[in-house]
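Asks: sequence and predicted structure are below.
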There are 4 protein chains.
Amino acid sequence: MKHLGARLTELKPGVAELRAHHREELTQQHGYFHAGVSASLADVACGYAAYTLMPENSSVLTVEYKINLIAPADGEELIARARVVRSGRTLKICTADVYARKGQAETHCATMLATMMCLAGKSDGMRQIDCWRTALGAIPGFPAE
Amino acid sequence: MKHLGARLTELKPGVAELRAHHREELTQQHGYFHAGVSASLADVACGYAAYTLMPENSSVLTVEYKINLIAPADGEELIARARVVRSGRTLKICTADVYARKGQAETHCATMLATMMCLAGKSDGMRQIDCWRTALGAIPGFPAE
Amino acid sequence: MKHLGARLTELKPGVAELRAHHREELTQQHGYFHAGVSASLADVACGYAAYTLMPENSSVLTVEYKINLIAPADGEELIARARVVRSGRTLKICTADVYARKGQAETHCATMLATMMCLAGKSDGMRQIDCWRTALGAIPGFPAE
Amino acid sequence: MKHLGARLTELKPGVAELRAHHREELTQQHGYFHAGVSASLADVACGYAAYTLMPENSSVLTVEYKINLIAPADGEELIARARVVRSGRTLKICTADVYARKGQAETHCATMLATMMCLAGKSDGMRQIDCWRTALGAIPGFPAE
C-alpha cells in the first residue's frame, strides 16, 4: 500500500475502492501503469472488501486470484473497485475492476476474480494484512459493523 | 523489471527463470516479499518463456493469469521459473512457480497458470513488453531460434 | 448443448442467457446440479455472448476460464447469464453468473471469468463451436449485426 | 462420476488419476470429448487427490478452478492426472492435466489449477462429494493414511 502510494477512497460492507496516482516507478516504458500495479491494487481492494465482512480479531489473506488485462492502464490515476460476491464464513469470493482515469474519462483496464480467506486470531504465517483496523478507523463512517 | 530489480538467470526455448534479491521496497510489514512482487515476477517469467517461441518482430502481452499464493515469500531471493505448456501460433499457455530462497533452501510460495499473446509487428496498443530482443541478446547462448 | 438440454433464452450483442431444466442425469447425490453442469452452461453462455460480436464466417473457442462455485446449485432450473467485458478483435473477455431457480427465487451459485477466441474461417483444429449461426437464426430479432 | 463413466485408476497420497472411455454422450459434433467433460474429470481428480490428505470424517468441495483448454480432446479415452501442490489444513491447492489417449499416444488437452476445501464433519451445505471413503476403499492399497 505504502509502496503503491494507494489510498482507500471508499469502504462499506462488502465494498472497497482504492486509488493510486501516476508515479514514475509504477509505470513501464510507455508510461502506462505496470500490470503488476493493476493486479496489486485490485488484490488489495478485494482484501479490504472482504475484510469489512470479517470479525474484529481476524486477518485476511489472498488464496488466489485470476486477472484479465483488457486495456493499457493509461491515465493519471488507477482506480480499483472491489466487492464481495459471496461471503462464506472462511472464504470471501470477490471481484474487482480496475480503471485508468484520464481527466473525467475512465478506461476499464483489468478485471479480477479472487478468493480471500479469513484467519481467526493470529496469522498462520502466510501473507497477512493487518493494521487494517487502524486504517479503517481513518475512513469517515467506518466501521459499519 | 528495473523496478523489481529482477535478472534473467535462465532462458532457453520455452523456459525462463528470473530472480530478484530481497529489497526493502519489495516487502510488506513482516519482511516477506509482497504477493504483488511474486505475481509480477511470475508474469514476466511467463512472458519471457513465451517470447522465446515467438517470431523475431513480434511482441508479447499477458492476456490473463491465475495465481495461487501458497506460502509466505520469506527469503533472501525470489525465483520464478516459467515454462510454456502449449505453444499455439497466437497464444502461449504457460505455468510458473515462485520460490523464496533462504540459504540453500527453497520454499514454493506461488504457482501461476497464464495465457500470453503474440502480437505480430507493432503493438495493438495493449501492454507491450518490447526491448526484449535486446535483453535476450545478453543471455549467453541465446537466441536459440 | 443437446446433452445439457439447454436452451438459449436471451441473445443480443455481447449478452447471452442459457437455461437448463433439472434432470436426473445433470445432478449429483443430493439432487443439486453438478458443478460440471454449471461450468458447462456458463462456458457455453460465454461462447454465445462472444460469438454475437464476431464476424459471420468465424468460429469461437474457449481459451480458458476460471469458475468459483459459491453455493449449491439447488433448483428446478439452472440459468447462466453471460456478457462480454472486453471485445478485442481476436479475444473476447466474458463473465458469466449461474443461478439456480426455485419457484421465483434465484440463488447465485457460480461466477466465471473467461477468455474466448475468434477463429476466422475454418477451425484450426481446436474445439470449435460451429452450427451457431443456425442456432442464432432461431432467436427472434437476431442477428443484430 | 457415474454420469461420466469415470473410473479411478490411481490413488496415493496427494495423487489421483481418473479415466473415462469415449462415449457418444460425452462428445460434441466432431467426436471430441466436450470441454465440460475434460473440466469435470480434472475437477473430480483434484478432489480425490486432495481428499487423500484429509482426515477420515471430512468432505471435500471445489472452491474454484481455472482451466486452459489447449488441444482438442480427440481419443478413445480421456485421462485426468491430479496432484496436490500445497496441502494446507483447510485448503488444498491442486493441479491436473488432461490427456486424450489414442492407441499408445497421449495428447495433452487441458491443464487445471484448483483450490479444494476440507470440510470437517458434515457439509456446510455447499457441494459435497461424500461416499468417497467407500470408493477409496475399492482401490487396492488404499487408504494410505
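Replies: All right, it came through fine.
Asks: briefly note if the longest strand anywhere in chain A comes near chain D.
Replies: With secondary structure taken from DSSP state E, chain A has its longest strand at strand A:105-120. Yes - using CB under 8 Å from any CB of the partner chain, strand A:105-120 reaches chain D at A:113, A:115, A:117. Backbone N, C-alpha and C define where each C-beta goes, glycine included.
Asks: and which of these is nearest to D:I93?
Replies: A:T115 (10.8 Å; CB to CB).
Asks: identify the bridge partners of the closest one.
Replies: Using DSSP bridges, the bridge partners assigned to A:T115 are A:E64, A:I93.
Asks: hmm, D:E64 and it touching each other?
Replies: Yes - using CB atoms under 8 Å, A:T115 makes contact with D:E64 at a distance of 5.9 Å.
Asks: which residues do the two both contact?
Replies: Residues touching both A:T115 and D:E64 by CB atoms under 8 Å, 6 or more residues apart in numbering or on different chains: A:64, A:93, C:68, D:115.
Asks: list, one by one, the residues from chain A near chain D.
Replies: Within chain A, the positions near chain D by CB under 8 Å from any CB are A:63-64, A:66, A:88-91, A:93, A:113, A:115, A:117.
Asks: can you flag the buried ones in the residues you listed?
Replies: For these, a burial check counting by 16 or more other CB atoms under 10 Å in any protein chain shown picks out A:63-64, A:66, A:88, A:90-91, A:93, A:113, A:115, A:117.
Asks: on the three-state scheme, the spatially most central residue of chain A is what?
Replies: Central residue of chain A (CA atoms, centre = their mean): A:A45, 1.3 Å from the mean position. On the three-state scheme (DSSP: H, G, I helix; E, B strand; the rest coil), A:A45 is labelled helix.
Asks: surely it meets A:A82?
Replies: Yes - counting by CB under 8 Å, A:A45 touches A:A82, with 3.7 Å between them.
Asks: overlap in contacts, those two.
Replies: Joint contacts of A:A45 and A:A82 (CB under 8 Å, 6+ apart) are A:16-18, A:96.
Asks: so who does the nearest residue to A:A114 once chain neighbours are set aside touch?
Replies: Closest residue in space to A:A114, ignoring its immediate chain neighbours: A:Y65 at 3.7 Å, by CB to CB, 6 or more residues apart in numbering or on different chains. If a contact means CB under 8 Å, 6+ apart, then A:Y65 has A:39, A:42-43, A:46, A:112-115, B:66-67 as its contacts.
Asks: chain A against chain C: which residues are in contact?
Replies: Going by CB under 8 Å from any CB, the residues of chain A near chain C are A:66, A:68, A:70-71, A:85-86, A:88, A:93, A:95, A:108, A:111, A:113, A:115.
Asks: just put those residues in a markdown table and tack on pLDDT.
Replies: Formatted as a markdown table, the residues of chain A next to chain C follow (pLDDT from 0 to 100):
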| residue | pLDDT |
| --- | --- |
| A:K66 | 98 |
| A:N68 | 98 |
| A:I70 | 96 |
| A:A71 | 95 |
| A:V85 | 97 |
| A:R86 | 97 |
| A:G88 | 95 |
| A:I93 | 98 |
| A:T95 | 98 |
| A:H108 | 97 |
| A:T111 | 98 |
| A:L113 | 98 |
| A:T115 | 98 |
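Asks: which pair of those spans the longest distance?
Replies: Most distant of the residues of chain A next to chain C, by CB to CB, are A:A71 and A:G88, 32.0 Å apart.
Asks: where in chain A is pLDDT low?
Replies: A:1-3, A:122-145 (pLDDT under 70).
Asks: in it, which spans are helices?
Replies: Along chain A, the stretches classed as helices by DSSP state H are A:35-51, A:132-137.
Asks: which of those helices is buried the deepest?
Replies: Most buried of the helices of chain A, by mean neighbour count (mean count of other CB atoms under 10 Å in any protein chain shown): helix A:35-51, with a mean of 27.
Asks: helices or strands up against that one?
Replies: If you count contacts as 3 or more CB pairs under 8 Å, 6 or more residues apart in numbering or on different chains; DSSP states H and E, helix A:35-51 packs onto strand A:6-12, strand A:15-21, strand A:58-69, strand A:77-87, strand A:91-102, strand A:105-120, helix A:132-137, helix B:35-51.
Asks: using CSV, write out every CA atom in the second one.
Replies: Translated: strand A:15-21. What follows is strand A:15-21, C-alpha atoms only, in CSV (Å, rounded to 0.1, in the frame of the first residue of the first chain):
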residue,chain,number,x,y,z
VAL,A,15,-17.2,-2.9,-1.0
ALA,A,16,-13.8,-1.1,-1.3
GLU,A,17,-12.2,1.4,-3.6
LEU,A,18,-8.5,2.2,-3.9
ARG,A,19,-6.8,4.8,-5.9
ALA,A,20,-3.1,5.4,-6.9
HIS,A,21,-1.7,8.4,-8.6
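Asks: which of the helices of chain A sits closest to B:R23?
Replies: helix A:35-51 (15.0 Å).
Asks: with just CA atoms, put the closest one into PDB.
Replies: Taking C-alpha atoms only, helix A:35-51 is exported to PDB below (Å, rounded to 0.1, in the frame of the first residue of the first chain):
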ATOM      1  CA  ALA A  35       0.200  -4.800 -15.000                       C
ATOM      2  CA  GLY A  36       1.700  -5.700 -11.600                       C
ATOM      3  CA  VAL A  37       0.400  -2.400 -10.200                       C
ATOM      4  CA  SER A  38      -3.100  -3.100 -11.500                       C
ATOM      5  CA  ALA A  39      -3.000  -6.600 -10.100                       C
ATOM      6  CA  SER A  40      -1.800  -5.400  -6.700                       C
ATOM      7  CA  LEU A  41      -4.300  -2.600  -6.400                       C
ATOM      8  CA  ALA A  42      -7.100  -5.000  -7.300                       C
ATOM      9  CA  ASP A  43      -5.800  -7.600  -4.900                       C
ATOM     10  CA  VAL A  44      -5.600  -5.200  -2.000                       C
ATOM     11  CA  ALA A  45      -9.100  -3.800  -2.800                       C
ATOM     12  CA  CYS A  46     -10.500  -7.300  -2.700                       C
ATOM     13  CA  GLY A  47      -8.800  -7.800   0.600                       C
ATOM     14  CA  TYR A  48     -10.300  -4.700   2.000                       C
ATOM     15  CA  ALA A  49     -13.800  -5.500   0.700                       C
ATOM     16  CA  ALA A  50     -13.600  -9.000   2.200                       C
ATOM     17  CA  TYR A  51     -12.200  -7.700   5.500                       C
END
